[in-house]
Every structure is written in C-alpha cells, then in structure tokens.
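Visitor: Show me the folded form of this:
(2 chains)
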Amino acid sequence: GAVVSQHPSWVICKSGTSVKIECRSLDFQATTMFWYRQFPKQSLMLMATSNEGSKATYEQGVEKDKFLINHASLTLSTLTVTSAHPEDSSFYICSARDLFGRGRETQYFGPGTRLLVL
Amino acid sequence: AQKITQTQPGMFVQEKEAVTLDCTYDTSDPSYGLFWYKQPSSGEMIFLIYQGSYDQQNATEGRYSLNFQKARKSANLVISASQLGDSAMYFCAMRGANKLIFGTGTLLAVQP
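Guide: Take a look at the predicted model:
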C-alpha cells in the first residue's frame, strides 16, 4: 500500500526553539496533506490542510504564525513549530491524500512525530 | 456541522470472540465517507475499512466489517474472531468538506 513517512519520529527540544517536521508521500503524489495533533489519550485534532503550491488552511484556534506549513512539492509538506513551548508537546501526525485516488481509501497516515519541549 | 460520536471509551473482549465498536455520525452532506482506523501503542494510524455514503452493501475487509445503517447514521465496526494483536485504540472517522474528522476513540482490550 501507499506509504507516508515522517521525520523525525521523535524530537526533544528546549523551550523557545523551532522544530521542523517533514512529511513525505513515498510512492504517490499528494496535492493535499493534513496535519493532526494528538494529546495523550485523546483523539486526533486536525490542525491544518496543506495544499501544494498554495497557502495552508488552518482550523479554528490554530495559530498560523506558530505552526508554519509549507507544501512545496507533491510529495513533501513540512510543519514548523516556531518558538516551541512545553504546551506544544504532543504527537503530530501527517496524512496525505493520493492524487489519483488509488483504491477506495485515499488518505494515508504517517507514523507520527513525538515532540517534547522542555 | 459534522460530528462523529464514539460512546464506548473502552471495551474488553475474549480472544476468538466477535466485538462491535459503535460509531454514529451527523452530517448534512449527501456524499461522505466513513473510515475506521486502528492505532496501536506505537501511534501509527492503520486504515482498516471504508464505507461510502452511496455504497449499497456493507464494506468488509477480512475480519473487519462495517455495519452501515444510513437511516440511523451509524457505522459500527465488527471485528470477528478477535486476536490479542487487535488490542489497540480504534477511531471512527468521516470525510466531508475535504477533511477527515475523528471520533474520540474506543480502547479495545482482547483478553486471552
């Protein structure tokens, strides 16, 4: 099946630093990628929808300047957590939609990135 | 507004028995898709099964089947012959308006 990778799988950083997370679709092109955040024992919350070549669409309550999203190509989207603080510690998961709608299920998830801000 | 509701925060099932995980949804869109994902402790989201709103038959994928009752707006997941490896968090999700919205999840524990 289709594969979506994320890098890094986990990161620990000091408060105030910026962290970049990469999401790649490995064997298909994705015009649309999604970024989710999941706190412990909670559901996935959609943060933003990333469209190739255009600005991301952020969900209500998500700070655009805090979570910078870039979707520069059909296989890569990046999420940068700027000036990270301990409350940003979470599990971040990206998802990519197959451009050609392969099969019935066309949205695939990456393995996630665990961010811990100290 | 679209909404997904999973009312079972946790469930136990004996190995080799079948289990049903509940999911109800609300949407005004005539076209939508319903998904079930499994999330083990590793965190990855594993796609299990998909049901389109216009599909006439209930979806099945191996030991997974989706009991789709459109009039009741329910999309329950049935896992037959539970295995120890099925222990995980299960999320119901709905695609509408270009977004995938998730329920709160059900934690399934399979007992030997």
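
Visitor: Would you pull up the residue in chain B closest to chain A?
Guide: B:M45 (3.8 Å; CB to the nearest CB). (Glycine included, C-beta is placed from N, CA and C.)

Visitor: That residue and A:A96 touch, don't they?
Guide: No: applying CB atoms under 8 Å as the test, B:M45 and A:A96 come out as separate, 11.9 Å apart.

Visitor: Neighbour count for these two, which is higher?
Guide: Remark: of B:M45 and A:A96, A:A96 carries more neighbours, 30 against 26, as counted by other CB atoms under 10 Å in any protein chain shown.

Visitor: excluding its backbone neighbours, what's nearest the more buried one?
Guide: A:A30 (3.7 Å; CB to CB, 6 or more residues apart in numbering or on different chains).

Visitor: Quick one, grab the pLDDT at the one you found.
Guide: Confidence at A:A30, expressed as pLDDT, is 83.

Visitor: hang on, the earlier thing: let me see the contact set for the residue of chain B closest to chain A.
Guide: Residues near B:M45 by CB atoms under 8 Å, 6 or more residues apart in numbering or on different chains: A:44, A:93, A:95, A:109, A:112, B:37-39, B:91.

Visitor: what's the nearest residue to it if we skip its chain neighbours?
Guide: B:M45's closest residue in space is A:F109 (CB to CB, 6+ apart), at 3.8 Å.

Visitor: That neighbour reaches A:Y92, doesn't it?
Guide: No: using CB under 8 Å, A:F109 is not in contact with A:Y92; the gap is 11.4 Å.

Visitor: related to what we said a few turns ago, partners of the residue nearest to B:M45 in the sheet?
Guide: A:S95 (DSSP bridges).

Visitor: what's around it, how many residues?
Guide: So A:F109, with other CB under 10 Å, has 23 neighbours.
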